[in-house]
Every structure is written in structure tokens, then in C-alpha cells.
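J.: Below are the sequence and a predicted model for it; my questions follow.
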Amino acid sequence: MLDAGNRQALTQQLRPPAGFRLVHAVGTTFTLDMASALAVPLSFVSGSGEQFTNSVAVLTALRKVADRVDIFCQAGNIRVPQDASDLLALLEPMIHQVSAKRGGLFHPKVWVLEFQNDDDGERRYRFLCSSRNLTPDTSWDLLVRLDGAPSESAQPGNTPLSQFLTRLSPMASVPLDQTRVNRINDLAERIATVEWELPEHISSLSFRPLGVQSEPEPSSLVSYLRNPQTATGLNPDPAAAKTIGYKKLVISPFLDDTLLSRFIDTRTGEAHVYSRAGQLDLISSQVIGNKRIRFRSFDDTVTPETGDDGVPNSAGDLTGLHAKAYFCDYGFQTHVLLGSSNATDAGFNKNVEFLVEMKGLKSRIGVDEILNSLKDVPFTDYAGGGGQRPGEDDKTRFRLETELQRAAAGSFVLDAVEEQGAETSGRYAVSLEHHWTPPPQFSATVRLVTLRTPVFEVLGPSERPATNLVFRQVPLADVTPYLVLGLTDKESGLSATAVVQGVLRTDPEGRLEEVIARQLDNPDKLRQFLLLFLSPEDAPPGSGLAGLSWHFRSGYETGSSAGLYEALITALENPNAPDVFSDLEPVIQRLVQLNGDSDEVLQLQALWSAAVEALQVKEMSHGL
């Protein structure tokens, strides 16, 4: 079940089955790296897995599927990109920062995916539940994958998953477009009917969302770890002492005494706790000294080597522990929890989390079997005594992160107005209105994510000028609702930054087309973009039009329009041709406006115009 030698990139798990295309994808993450988010749409477009360094391929995938992907993340935990690519603007409709309503964190890591075969209308579904954030790190994570197909009626076991989907949109700090809300709710209805294929050696499986008003049954392992007093435990005899098993295993990068004390109940004979050494240091000496528990820590000194797909080549190449898993042997069965919850009270009682609870034969997935599967992962016996307290720097970093999360959940409203005057033509004044005041022990700054300067100091209410902050002479493609907030602790000098999602109240017309035009800055890139955009999403890589277009083979390279002509003819036969062409039309017009003196651009425009006319004739004939 748990194979430490089986490692794949998240993007591999997102790819549609052969012959299928993406209908809708909803993902959740605690931390979001914007460059990693750019790679997600590539997963859904055939043949694009190796094209992340090709900005035209990324652009095309974003343009194709951005309206079918929704990613929810914790407000204040969007990482500041080292290189703010223009393409980040195309992520805006996809990314939704949220805040947990009970003061905890939004911490689930799940994906719900819907695919369709356009030939026969068949639909398939996939569910991923993991400990993996949408970031590029090489930590050791775990993932459960379920594949399924719709049935004729709702499946009661899917209700928690369906409810979880419907409760994502109301948590967003920036309200979603109603069209997106409706689409997510419609997916939730369809997901309720799916029959899932169980993983190998698993006899039963339950969805366990936490923090969204969906309470698991008292007999569940989750209920016991949340509150043993109100749970029944795994033993069916109410007269006996409650227990969740004799032999147990916890794998978690973060721990606290409260959760460990629930896990190690009075009937525990042997327990294994795998964590980070720094976290084990913070556990009480009394718990560390418990002779029934063996503590092991992850060795973070290993230098990673990764393959071409960014996946570590061996278990010894992993750089940190981020997996969360719980195994309890009871009788001939083993009960398992996998997902996002750390072994902390907050992880089970305060945060928004998601886990799957499973059961299978101990002979197949028992604690001894899992321990044996971990022998190649770099864990060592913990030699410390626990009982330490967090350092002052750790406390300060926590306060900085908490304040950024609080700030990001607030309102940041931007307006972009074109500057007047010949010298500033095409430039915009972007004003910022907000009501956030940093705590007195911190100094704060704000800037646009697209520009490193200017950087403004964020002042308190009594210090603020009457006018809003204004970013002057901003190019149209750099107008953005994304801000970078920076906080610095005045005493220690420690600092933290985060990207914050604001609201662009006045969004200049043609902004996204300008972003695309800045990427397609020569005829060859425009030709590649058109070829990629017109390629079928569900065609197998390397076959037919899709293979030729993705790899730019003979007939599709510089100066040739033969491949583009064939792509346009094929696209005209697509039932979705009107939508495809209408989406491309403003891009073509903007590029012609900017590069109208180029003979090659004009030739491409003429070819495009002929195709548009052919589509219009076709629609008129069908109308008759």
C-alpha cells in the first residue's frame, strides 16, 4: 500500500486518461507557489508534460483550461515569485485565497477531477488526497488516488466530499464569479454519484473533511483523535476500555503532546512516531520517555538528486518530511488515516483539513508492513530528550506569518486609470485602497507583484495621507490585482513576505490580451501559439496533429504556414469551433495592432481571416 520507492510528480497524477479531456478540476492547498500553479494547466493538455520551460506552451495551456480549473489556498500563504512572469496574470481567474472561519488554517490538499471522452460522452472522475502543497519542494509526501465512474444514483459515502466542495467558495476572501460558483456546485452534485475503485488491499474507505461542519461518526478513527470522550473507539464492547489498537504508527512533521496522548491510549502496547527532530525536541520529556513509544526523526542532511520530472531518484534523495499518516492495528484489521492533518490538536479540531480513513487486512497494510516499507527512507532513532521550548526567532516567525494571513484576508481594492499626456500614453495609474494596519512591533511594505519598484511603506491610520497609495506609469500588462506584502519585526530584523489577492475594481480593457501579446513577440511564437491552441486536448502525444504541433516538427517551423493551415481546417470541424475562434479573435487583433508592419504577421492574419469567414459560412449554412 505505502511504497516509498514509488514517487511521481503531482502533475502526473492530474493528467487525464488517454482519450479524455478535462471538464473541471478543483484543487486545494495550504501554501501555493505561483510558478508551480503555472504548471498545473500543462497537466491537462496532451503532450505538454515536458514543456514547462516553453512559455508559449504554458500560455496556451493557461488560455485553454483556466476557466475549468479552481485552486483554493490559505490567504497569506501565496509565495512571492522570484521572477514575476507576465503569465501570472492568466492565473487570476483560477486562484482563490480563503480563510478558515474558526480562526484556524485552511490546510487541505485535495484534487477533484472530472474528465470526458467527447466521442461517446463517457465521464470519469479522479480524487487525490495528499499531504502535498502546490510547491516545488522535494519533501517526502503521501497521496491517495481514487478513480471512479458515475452511477445511476447518489452514493451516501460521497456526501462529505460533495459538501466539502460546496463549502469552498463561501470561504474565499475575494468572492468568486457566480459562474464559477455554479460550476463547482454542479461538480459537487455529479461527484455524489461516483462509484470509486478502492486502492489495493483496502476493504473500506471514508472521506473525512474537517472544519466544514461535517461530523464523522463516533466509531471513526478521526472522531477518537478529535475527542476520545465523545468517540466510541474501535472496540465494539462499550464495557471495555476504549482503544484504537495495540500497535500504532504516526508519521507527521508537526506534533504536540495533546494529540500524542490521544493516540497512545491505555491499551497501546507498542507505538512508533516518525517526525522531524526539531519537533520531537518540543514534545514533553514525559512523553518522550514513554517506553512504549519509539521515536524516529527524518534525516534532513541528505542532498537531493532529481530526475527530469523533478521527482527524487531514490528515497534517500528526499529533503524533508511532509507526509501525514496514522496506522492502528486492531485485531486482524488495520485502520488508516492519510491526508493533510498534522498530529496536533489544531490539525484535528481547529483547521480546515481533509483525510481519508481506510481499513484493510493487517497482514497487508499493518504497522509492521509499513515499517518495513520505510526502511529505505532516511529516518534515524531520535536521541534527544524533548522538553525544549520554541526559540524567540521561531515565535517571531510565527507572529509574522499569522499577521500576513490576517492581512491577506482583508480587503485590498485597486483601480487602474490610464495616465494622461503623450509621454505616458498606454501607462496607468494604479491606486490602492485598504484598511489594514500592521501591529506596532512590525514595519510593513506593499508593492505590485509585477514590479519590484516602487515599494510603499504601509502606515497606521493616524499616519496615512488622505489619498490612496498610487503606483504611477504602470504598463498595461503589469496592471494586476496581486500585491506583495512585506513585514519586518523591528526588534529582531526578521521579515516575511506574501502575495495577497486584491480586487481590480477597474480592470482596463484588453489587459490580458496585452499580456499575451507581450509573450508572442514574434511571428514564430504566434504561429506556435495558434498551432498549440488549435490542437485537440485529448489526442495522444506524438500522434496526428497534436504530436506535430506540440513538438514543432517539420512543416510547423519558422516561416511555414502549411501546418497552421491544416490546424485551422481541422479546428473548423470541431463542434466547439465558435468558442475556440471567439477566444482567439481578440488575441489576433491585439497582435496585429502591435505588429501590423510585419509581413509575416499580416500573412498570418490573412490566413486567420479566411478561416473565420469559413466558420461564418458554415454557421449560416447550419442555420438554414
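T.: Looks like it arrived, so ask away.

J.: what comes up buried for the longest helix anywhere in the chain?
T.: With residue count as the measure and DSSP state H as the assignment, the chain has helix 599-623 as its longest helix. Within helix 599-623, the residues that count as buried by 16 or more other C-beta atoms under 10 Å are Glu600, Val601, Leu604, Gln605, Leu607, Trp608, Ala611, Val612, Leu615. To be clear about C-beta, it is placed using only N, CA and C from the backbone, and glycine gets the same treatment.

J.: Point out where the stretch 401-550 of the chain drops to low pLDDT.
T.: Low-confidence segments of the stretch 401-550 of the chain, defined by pLDDT under 70: 422-424, 460-467, 532, 535-550.

J.: let's see 50
T.: Across the stretch 401-550 of the chain, the stretches falling below the confidence threshold (pLDDT under 50) are 466, 540-550.

J.: any idea where the helices of it begin and end?
T.: If you assign secondary structure with DSSP state H, counting those that start in this stretch, the helices in the stretch 401-550 of the chain sit at 511-519, 523-534, 544-551.

J.: Now tell me which helix or strand of this protein has the poorest mean pLDDT.
T.: Evaluated with mean pLDDT, DSSP states H and E, the helix-and-strand set of the chain has its lowest mean pLDDT in helix 544-551, which scores a mean of 32.

J.: How far does the helix or strand following that helix sit from its chain's centre?
T.: On the C-terminal side of helix 544-551, the closest following helix or strand by DSSP states H and E is helix 562-572. From the chain centre to the centre of helix 562-572 is a distance of 34 Å (C-alpha atoms, centre = their mean, to the nearest Å).

J.: Got the domain ranges for this protein?
T.: The record assigns the chain these domain ranges, following automatic domain parsing: 10-196, 217-381, 393-509, 520-623.

J.: Would you double-check that Asp137 falls in a strand?
T.: No. Secondary structure assignment places Asp137 outside any strand; it is coil (DSSP: H, G, I helix; E, B strand; the rest coil).

J.: Can you lay out the domains of the chain as TSV showing distance to Leu205?
T.: As requested, these are arranged in TSV below (distance: least, C-beta to C-beta, whole Å):
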stretch	distance to Leu205
domain 10-196	7
domain 217-381	5
domain 393-509	32
domain 520-623	29
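
J.: Of those, which is nearest Ile202?
T.: domain 217-381 (4.8 Å; C-beta to C-beta).

J.: Contacts only, for Pro41.
T.: For Pro41, the residues meeting the contact criterion (C-beta atoms under 8 Å, 6 or more residues apart in numbering) are Val58, Ala61, Leu62, Lys64, Val65, Ala66, Val69.

J.: So Asp415 is in contact with Leu469, correct?
T.: No. Counting by C-beta atoms under 8 Å, Asp415 does not reach Leu469; the two are 11.3 Å apart.

J.: who touches both of the two?
T.: Taking C-beta under 8 Å, 6+ apart as the contact criterion, the residues that touch both Asp415 and Leu469 are Ser431.

J.: shaky segments in this protein?
T.: For the chain, residues meeting the criterion pLDDT under 50 lie at 48-50, 302-317, 466, 540-560, 624.

J.: Take the buried residues of helix 599-623 and write them to TSV, including distance to Glu217.
T.: Compiled in TSV, the buried residues of helix 599-623 are given as follows (distance: C-beta to C-beta, whole Å):
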residue	distance to Glu217
Glu600	66
Val601	64
Leu604	62
Gln605	63
Leu607	62
Trp608	59
Ala611	58
Val612	58
Leu615	56
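
J.: quick one: which of those is nearest His434?
T.: Nearest to His434 out of the buried residues of helix 599-623 is Val601 (C-beta to C-beta; 41.7 Å).

J.: is it true that that closest one touches Asp521?
T.: No. Using C-beta under 8 Å as the test, Val601 is too far from Asp521 to be in contact (10.9 Å).

J.: Show me what the longest helix of the chain packs onto, helices and strands only.
T.: In terms of contacts (3 or more C-beta pairs under 8 Å, 6 or more residues apart in numbering; DSSP states H and E), helix 599-623 is packed against helix 523-534, helix 562-572, helix 577-595.

J.: Return the longest one as PDB; C-alpha atoms alone will do.
T.: What that stands for is helix 577-595. Listed next in PDB are the C-alpha coordinates belonging to helix 577-595 (Å, rounded to 0.1, in the frame of the first residue of the first chain):
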ATOM      1  CA  ALA A 577     -15.100  25.900 -33.100                       C
ATOM      2  CA  PRO A 578     -17.200  29.000 -32.400                       C
ATOM      3  CA  ASP A 579     -15.900  29.200 -28.800                       C
ATOM      4  CA  VAL A 580     -12.300  28.400 -29.900                       C
ATOM      5  CA  PHE A 581     -12.300  31.100 -32.600                       C
ATOM      6  CA  SER A 582     -14.000  33.700 -30.400                       C
ATOM      7  CA  ASP A 583     -11.400  33.200 -27.700                       C
ATOM      8  CA  LEU A 584      -8.600  33.700 -30.200                       C
ATOM      9  CA  GLU A 585     -10.000  36.700 -32.000                       C
ATOM     10  CA  PRO A 586      -9.100  39.400 -29.500                       C
ATOM     11  CA  VAL A 587      -5.600  38.000 -29.300                       C
ATOM     12  CA  ILE A 588      -5.100  38.100 -33.100                       C
ATOM     13  CA  GLN A 589      -6.500  41.600 -33.300                       C
ATOM     14  CA  ARG A 590      -4.200  42.900 -30.500                       C
ATOM     15  CA  LEU A 591      -1.100  41.300 -32.100                       C
ATOM     16  CA  VAL A 592      -2.000  42.900 -35.500                       C
ATOM     17  CA  GLN A 593      -2.400  46.200 -33.700                       C
ATOM     18  CA  LEU A 594       1.100  45.900 -32.200                       C
ATOM     19  CA  ASN A 595       2.900  44.300 -35.100                       C
END
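
J.: can you start the count at 23 instead of 1 from here on
T.: Got it, the first residue is 23 from now on, which makes the last one we talked about helix 599-617.

J.: Show me what it is in contact with.
T.: Surrounding helix 599-617, the residues in contact under the criterion C-beta under 8 Å, 6+ apart are 85, 532, 535-536, 538-539, 542, 545, 548, 551-552, 555-556, 593, 596, 623-624, 627, 630, 633-634, 637, 640-641.

J.: Go again with 7 Å.
T.: The contact list for helix 599-617 (C-beta atoms under 7 Å, 6 or more residues apart in numbering) reads 532, 535-536, 538-539, 542, 548, 555, 593, 596, 623, 627, 630, 634, 637, 641.

J.: Next, the buried residues of stretch 493-500.
T.: Residues of stretch 493-500 classed as buried by neighbour count (16+ other C-beta under 10 Å): Phe493, Val496, Leu498, Ala499, Asp500.

J.: Excluding chain neighbours, what is closest to Arg202?
T.: Computed as C-beta to C-beta, 6 or more residues apart in numbering, the closest residue to Arg202 that is not its neighbour in sequence is Asp92, at 6.2 Å.

J.: Count the residues that sit near Thr215.
T.: Thr215 sits with 17 neighbouring residues when counted by other C-beta atoms under 10 Å.
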